[in-house]
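J.: Below: sequence and its predicted model.
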Amino acid sequence: MAQFASVIHVVADLLRALAMKEAETLAAYHLDHPPTIGAMYEGLTAKVLNAALPESLDLHVVSGFVTAGTANMSREIDCMVVRGAGEVVPYTSKYKWPVEDVLAVIEVKKTLYSEGLADAYENLRDVIRVYGAHIRDPDRVGEPQDVTPVYNAFRTITGLDLANWEDVQELPSPLQLVFNTLVSEFVSPVRVMFGYEGFASEKNFRAAFSKFTHEHQGERGYGLLGMPQLCVSNGYSLFKLNGQPISAPLEDGGWWPILASATSNPLRFLLALLWSRIENVFGHTMPWDSIDLSALTPFLRVRAVEVDGRIGWNFNEHRM
């Protein structure tokens, strides 16, 4: 296993060296036009993503809009990892792509501070809205998705071994919420915000994200499910422990460690998310095994609670 684990580190380190070299070139390029500067870094991210994807699966990296039918369309997304076929927006290089064929979406920022964090969060949150519309569509067609990895993640988190959906229905409401959240995380597109520059320290990044979540506490779409799986600013990462591929067991009192921070190469986490999704969707074995949890510092944890017949999450923050 150590051999496989080293592969993702080697690939991620090579890709980071490529990204840093290219980013230095972009930073030195004299141009005072924010939209074009943003497009330059989106192009760089697409180049890195393409280098990480297996050619045999015919995956693509495009920009544009995530759609559910004709009535629901997301905000514009910088990079989307997609399969199948999309619709070209006339006279542009943008696409409309059906959400069921979108594996991951990435919002790219040259510099990610609090304002950029809020903007990227809104765009990624909008993808969840579109996916929700897709799930609720009574005319939706497609084969049921195998969610076996969700049962495995639930076992890691709770210590409970479930055999089928009937077992899930027998769980107490808080544990049902954990399971249903894992399913939603598993089937919806992976969501990432990636800033090449930004906060001066891991502590500052955590503080800004905490402030943002507190400001939107109780608002629809800003809860646990709305949080991106990966946020990166200036090499610092906030990584979601949703079981795909990494999870952490419940702590005393039923608290679930759900978000951790890290200072190691963020592309290791991005590759873990992408490669895990590729394995789950295509059954295509990728050259990785796991990421060392010791590289992660606990940040946010949640606990499912039921109040007046309604079930929801309490949040608790680990201080550095």
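T.: Here it is on my side, so go on. Just so it is clear, the structure is predicted and the values come from calculations on it, not from any experiment.
J.: where in the stretch 51-200 of the chain is pLDDT low?
T.: 141-143 (pLDDT under 70).
J.: now do 80
T.: For the stretch 51-200 of the chain, the stretches flagged by pLDDT under 80 are 138-145.
J.: which stretches of it form helices?
T.: Using DSSP state H, counting those that start in this stretch, the helices found in the stretch 51-200 of the chain span residues 114-136, 148-158, 165-169, 173-187.
J.: Now the shortest one - C-alpha only, PDB.
T.: The reference is to helix 165-169. Provided in PDB are the C-alpha atoms of helix 165-169 (Å, rounded to 0.1, in the frame of the first residue of the first chain):
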ATOM      1  CA  TRP A 165     -31.500   0.300   2.800                       C
ATOM      2  CA  GLU A 166     -33.800  -1.300   5.300                       C
ATOM      3  CA  ASP A 167     -31.100  -1.200   7.900                       C
ATOM      4  CA  VAL A 168     -30.700   2.500   7.200                       C
ATOM      5  CA  GLN A 169     -34.400   3.000   8.000                       C
END
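J.: List the buried residues in that helix.
T.: residue 168 (16 or more other C-beta atoms under 10 Å). For glycine as for every other residue, the C-beta is placed from the backbone atoms N, C-alpha and C.
J.: Distance from it to the middle of the chain?
T.: In terms of C-alpha atoms, centre = their mean, to the nearest Å, the centre of helix 165-169 is set 27 Å apart from its chain centre.
J.: cool, and the first one?
T.: Relative to the mean C-alpha coordinate of its chain, helix 114-136 is positioned 11 Å out (C-alpha atoms, centre = their mean).
J.: Who are the packing partners of it?
T.: strand 60-68, strand 72-73, strand 102-112, strand 190-198, helix 202-215 (3 or more C-beta pairs under 8 Å, 6 or more residues apart in numbering; DSSP states H and E).
J.: What strands line up against the second one, and which way round?
T.: Meaning strand 72-73. With DSSP bridges as the criterion, the sheet partners recorded for strand 72-73 are strand 60-68 (antiparallel).
J.: what comes into contact with stretch 147-157?
T.: Around stretch 147-157, the neighbours that count as contacts under C-beta atoms under 8 Å, 6 or more residues apart in numbering are 160-162, 178-179, 182-183, 186-187, 242-244, 247-250, 256, 280.
J.: Which residues lie in contact with the residue nearest to residue 157 when sequence neighbours are not counted in this structure?
T.: Residue nearest to residue 157 in three dimensions, not counting chain neighbours: residue 247, with 5.2 Å by C-beta to C-beta, 6 or more residues apart in numbering. Counting by C-beta under 8 Å, 6+ apart, residue 247 touches 153, 156, 157, 241.
J.: out of the residues you listed, who's nearest residue 124?
T.: residue 241 (17.8 Å; C-beta to C-beta).
J.: and that closest one, how many neighbours?
T.: As a burial measure, residue 241 scores 25 neighbours (other C-beta atoms under 10 Å).
J.: same check, this time on the one 5 residues further on
T.: Using other C-beta under 10 Å, residue 246 has 21 other residues around it.
J.: thinking again about what came up before, would you mind giving the helices and strands packed on helix 114-136 as JSON lines with mean neighbour count and distance to residue 169 added?
T.: Putting those into JSON lines (neighbours: other C-beta atoms under 10 Å; distance: least, C-beta to C-beta, whole Å) gives the following:
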{"stretch": "strand 60-68", "mean neighbour count": "22", "distance to residue 169": "28"}
{"stretch": "strand 72-73", "mean neighbour count": "18", "distance to residue 169": "30"}
{"stretch": "strand 102-112", "mean neighbour count": "24", "distance to residue 169": "30"}
{"stretch": "strand 190-198", "mean neighbour count": "24", "distance to residue 169": "28"}
{"stretch": "helix 202-215", "mean neighbour count": "17", "distance to residue 169": "31"}
